[in-house]
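In: With the sequence up front, the predicted model follows.
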Amino acid sequence: MTGRGRHRLLACDLDGTLLDSGGRVTDAVSAALLRARDAGLALAVITARPRRDVARAVSSRVPGSAYWAYSNGAVIHGPGAAAPRRLVGFGPEEARRLVAAVEGAAAGWSCALDLLDRTVTIDPFPQEASRHWNHVERRDAQATGLLLEQPVPKVLVHTGTVCDAAVVERVQRVVGAAAVATASGGAFVELVPPGTGKSEALKWICAELALEPPAAVAVGDGLNDLTMLRLAGLGAAPANAPAQVRLAADLVLPSNDEDAVAALVALLLD
C-alpha cells in the first residue's frame, strides 16, 4: 500500500525510532523519507523533545514537507513553520498544583517544567539529571510562579527509578485527571495536559491533511507511542522497543540501529 493507496501519512517517533543509538538520522533513513515524500506520503515527526532540543543536524535530514510535533504533541509546527500552529499547555495554577501533588506523593520525587524557550528545574530536582539539556534554569518552589507567564506544554517528573509502565501508572494515580502521564524511554515520567499526547497530535495532523487516522502509518518505540500506534491504520515498532510496545504493534521492524524506518518505507512502497 503506497502513498497512492490506503496509507497517506507516515508519522515517526524520533529517539529510538527515526534516530539510531548515536542520535543520528542515517543516510538510509534520510533517503527513505525522501522516497516516501516523492511517492506521495505526507510526513510527520512526533517526539517528546521540545523543539530547541532537536539539532539542525537532525531536522535538516528530514524533508521540509514534514510536520513536527514536540513535547508529546502539545506543540505542533506546520511544514517549515517557525511558530507553532498548535500550542496546548498547563496554566500557572495547574502547573503549581501538579508540582505540589507530585513532590508531596513520595520522598525524592521532583519536577521540571518544559517551557517553549527553556526548562525550569524545581528544587530539589537533581542537577545531574538535566546535564544534557539546553537552556536550563534552576528555581526553588517559591519562585516558580514568576516564570509561568507562558503555557507549560510538559512537566517532567524525576522519580529516581526506571520509568516503566508501573511507575507511570503510579504517577498517574497521583495527578488523576489533571494530566496524562506517560514516558518516552528516559529517566522521567512526562505529564501533558488532557487532550494532548501523540495520538491527539496524529489526529490534528490528519485533520490538517483532510485524512482519517486509518490512513496513517505510525512507528515508535516508547510507552508514549502506544496511543499513536493504536490509532493509526498500521502501527509499527522497531525491535529495540520494550515488549509492551512490540506486542501492541501490528508490525515489528528491525532495530533503530538497523534503519527501522527505512525498512518500513520499503515495505510500504515495494
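Out: Noted; the coordinates are in hand.

In: Just give the nearest non-adjacent residue to residue 138, would you?
Out: Counting by Cβ to Cβ, 6 or more residues apart in numbering, residue 138 lies nearest to residue 121, which is 5.0 Å off, once chain neighbours are set aside. For glycine as for every other residue, the C-beta is placed from the backbone atoms N, C-alpha and C.

In: For the one you found, give the beta-bridge partners.
Out: Beta-bridge pairing for residue 121 (DSSP bridges): residue 112, residue 138.

In: need the helices for the stretch 151-270 of the chain, in chain order.
Out: 165-175, 198-208, 226-231, 243-248, 260-269 (DSSP state H, counting those that start in this stretch).

In: what's the closest of those to residue 217?
Out: helix 260-269 (6.6 Å; Cβ to Cβ).

In: Could you pull out the buried residues of that closest one?
Out: Buried residues in helix 260-269, defined by neighbour count with 16 or more other Cβ atoms under 10 Å: 260, 261, 262, 263, 264, 265, 268, 269.

In: nearest residue to residue 35 other than its sequence neighbours?
Out: Leaving aside its sequence neighbours, residue 35 sits nearest to residue 265 (Cβ to Cβ, 6+ apart; 6.1 Å).

In: Could you pull up the residues touching the one you found?
Out: For residue 265, the contact set (Cβ atoms under 8 Å, 6 or more residues apart in numbering) comprises 10, 32, 33, 35, 36.

In: Now do the contacts for the second one.
Out: Put plainly, it is residue 32. 259, 261, 262, 264, 265, 266.

In: Apply 10 Å and report the result again.
Out: Contact analysis of residue 32 by Cβ atoms under 10 Å, 6 or more residues apart in numbering lists 10, 25-26, 259-266, 268-269.

In: what about the stretch 51-200 of the chain, any weak spots by pLDDT?
Out: When residues are selected by pLDDT under 70, those of the stretch 51-200 of the chain lie in 141-148.

In: at 50 what do you get?
Out: Scanning the stretch 51-200 of the chain for pLDDT under 50 picks out 146.

In: which stretches of it form strands?
Out: 67-70, 75-77, 86-87, 110-114, 119-122, 136-139, 154-158, 180-182, 188-192 (DSSP state E, counting those that start in this stretch).

In: can those strands go into JSON lines with extra columns for mean neighbour count?
Out: What follows is these, written out as JSON lines (neighbours: other Cβ atoms under 10 Å):
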{"stretch": "strand 67-70", "mean neighbour count": "26"}
{"stretch": "strand 75-77", "mean neighbour count": "22"}
{"stretch": "strand 86-87", "mean neighbour count": "16"}
{"stretch": "strand 110-114", "mean neighbour count": "25"}
{"stretch": "strand 119-122", "mean neighbour count": "22"}
{"stretch": "strand 136-139", "mean neighbour count": "15"}
{"stretch": "strand 154-158", "mean neighbour count": "26"}
{"stretch": "strand 180-182", "mean neighbour count": "23"}
{"stretch": "strand 188-192", "mean neighbour count": "26"}
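
In: Please convert the ones you listed to CSV, extending it with distance to residue 14.
Out: Below are the strands of the stretch 51-200 of the chain laid out as CSV (distance: least, Cβ to Cβ, whole Å):
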stretch, distance to residue 14
strand 67-70, 9
strand 75-77, 14
strand 86-87, 18
strand 110-114, 15
strand 119-122, 17
strand 136-139, 20
strand 154-158, 15
strand 180-182, 15
strand 188-192, 14
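
In: Of those, which is nearest residue 217?
Out: Across the strands of the stretch 51-200 of the chain, residue 217 has its closest neighbour in strand 67-70 (14.2 Å, Cβ to Cβ).

In: Compare the strands of the stretch 51-200 of the chain and give me the one nearest residue 104.
Out: strand 110-114 (11.2 Å).

In: how much distance is there from that closest one to the middle of the chain?
Out: Distance, stretch centre to chain centre, for strand 110-114: 16 Å (Cα atoms, centre = their mean, to the nearest Å).
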